[in-house]
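1. return atomic coordinates for the entry below.
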Amino acid sequence: MNFRTEIKLGKSLKLWDIEDRISLIGSCFSENIGNKLSINGFLCDINPFGILYNPISIAQCLDRVSNLKFLEKEDLLFSNGYYKSYYHHGDFRAKTMEECLEMINKRIEISNSFLQNSNYLILTLGSAWIYKYKGTNNIVGNCHKIPGKEFEKSILSLEEIISSLKDSINQFFKINRTENPRVILTISPIRHWKDGFRENQISKSLLHIGVDEIIKSDNRIEYFPSYELVMDDLRDYRFYKEDMLHPNSIAIDYIWEKFSNTYFSDKTLNIAMQYTKLNKMESHLAFNPDSPEYKNHLRKTEELRKELSQIRLS
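-> Down below sits the predicted model:
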């Protein structure tokens, strides 16, 4: 008897090569898949503004990176001893305004260069709920633990989701220099429980409908079902962390397996596995650095590193 409703995915029409560059923007899924891609040998630019959840903030990030729109002094706030930006995750902070602007704008510059040469752009949407800072009436990507009374919470309309993402994706296509750039949209399986169980469901539903409309409008855009893989395929709390909200490492590995089997050719899969092996070998801690066994391990590690470098050059 079958106790699962497994989602079986076919191969993508365009399969990835190990030299392909991937830009990722959005929620925790972007971080998880981006880290997996990096470990497996791909060149990635992951979340140039940090983790973002709502489509407007994700679109704003993509727009600023695409058009080299740098932040200025008035875009920053000072909170708990640090300068920060409402557009960014809290990881982007500094003790002085000048340091903060330099860090943020340098990353925009680097990410713009990478985005122009990215073969793929992956956008992961987390929630349709937004927070507007009352002082400016701007939608924020992060509230930075500022008192809630300073913000107005609301949910995006379907039209706002579609128009903001389509406009920013079109900017990506305009600046991109690769032969056939592709965009992959996905929806995070993480439930935003603090919004409320029904509110979370309404939010995810809006994202699904919006994404579907965007995909229909452009054959260069496709959907990867990370949400469905967790909610419908795994469908069990043993695949969650202790908070019962975030997928655990087993679930992430399962999504990665589905993702790689969908987008990688057999050749790329084999090379990616070798990069994973190299990563594990490089992370190995020596019990006795002077032992013949460890010296042999270092020799084999260097041989594999050179072998993979030659594959990139060929």
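2. who's in contact with the spatially closest residue to residue 95 that is not a sequence neighbour?
-> Ranked by Cβ to Cβ, 6 or more residues apart in numbering and with sequence neighbours excluded, the top spatial neighbour of residue 95 is residue 82, at 6.5 Å. In this view, the C-beta of every residue, glycine as well, is placed from N, C-alpha and C. For residue 82, the contacting residues are 93-95, 100, by Cβ atoms under 8 Å, 6 or more residues apart in numbering.
3. go on, residue 206?
-> The neighbourhood of residue 206, defined by Cβ under 8 Å, 6+ apart, consists of 128, 155-156, 158, 161.
4. before we move on, which element is it in?
-> Using DSSP states H and E, residue 206 sits within helix 197-217.
5. so after that helix, what's the next helix or strand?
-> strand 221-223.
6. what is that following strand packed up against?
-> For strand 221-223, the elements it packs on are strand 182-187, helix 197-217, judged by 3 or more Cβ pairs under 8 Å, 6 or more residues apart in numbering; DSSP states H and E.
7. pLDDT of that strand, averaged?
-> Average pLDDT, strand 221-223: 97.
8. for residue 242, helix, strand, or coil?
-> State at residue 242, reduced to three classes by DSSP: H, G, I helix; E, B strand; the rest coil: coil.
9. phi, psi of it?
-> According to degrees, to the nearest 10, the main-chain angles of residue 242 amount to phi -60, psi -20.
10. quick thing: my sequence starts at 22, can you match it?
-> In the new count, where the first residue is 22, that last one comes out as residue 263.
11. show me what the helix or strand hosting residue 189 is in contact with.
-> Taking DSSP H and E as the definition, residue 189 sits inside helix 179-196. With contact meaning Cβ under 8 Å, 6+ apart, helix 179-196 is reached by 76-77, 79-81, 83-84, 87-88, 133, 136-137, 142, 144, 149, 202, 204, 206, 227-228, 230-231, 234-235, 238-239, 241-242.
12. so how far is it from its chain's centroid?
-> Relative to its chain's centre, helix 179-196 lies at 17 Å (Cα atoms, centre = their mean, to the nearest Å).
13. quick one: buried residues of that helix?
-> Within helix 179-196, the residues scored as buried using 16 or more other Cβ atoms under 10 Å are 181-183, 185-187, 189-190, 192-193, 196.
14. those into JSON lines, with extra columns for distance to residue 283?
-> Formatted as JSON lines, those follow (distance: Cβ to Cβ, whole Å):
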{"residue": "181", "distance to residue 283": "30"}
{"residue": "182", "distance to residue 283": "25"}
{"residue": "183", "distance to residue 283": "25"}
{"residue": "185", "distance to residue 283": "27"}
{"residue": "186", "distance to residue 283": "22"}
{"residue": "187", "distance to residue 283": "24"}
{"residue": "189", "distance to residue 283": "24"}
{"residue": "190", "distance to residue 283": "20"}
{"residue": "192", "distance to residue 283": "26"}
{"residue": "193", "distance to residue 283": "21"}
{"residue": "196", "distance to residue 283": "27"}
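15. need the max-distance pair from these.
-> Taking Cβ to Cβ, the two most distant members of the buried residues of helix 179-196 are 181 and 196; they sit 23.5 Å apart.
16. please pull out the lowest mean pLDDT helix or strand from the chain.
-> Taking mean pLDDT, DSSP states H and E as the measure, the chain has helix 313-334 as its least confident helix or strand, at a mean of 83.
17. quick one: the strands in the chain?
-> Under the criterion DSSP state E, the chain carries strands at the ranges 42-47, 64-67, 97-100, 103-106, 141-146, 150-154, 159-160, 172-176, 203-208, 242-244.
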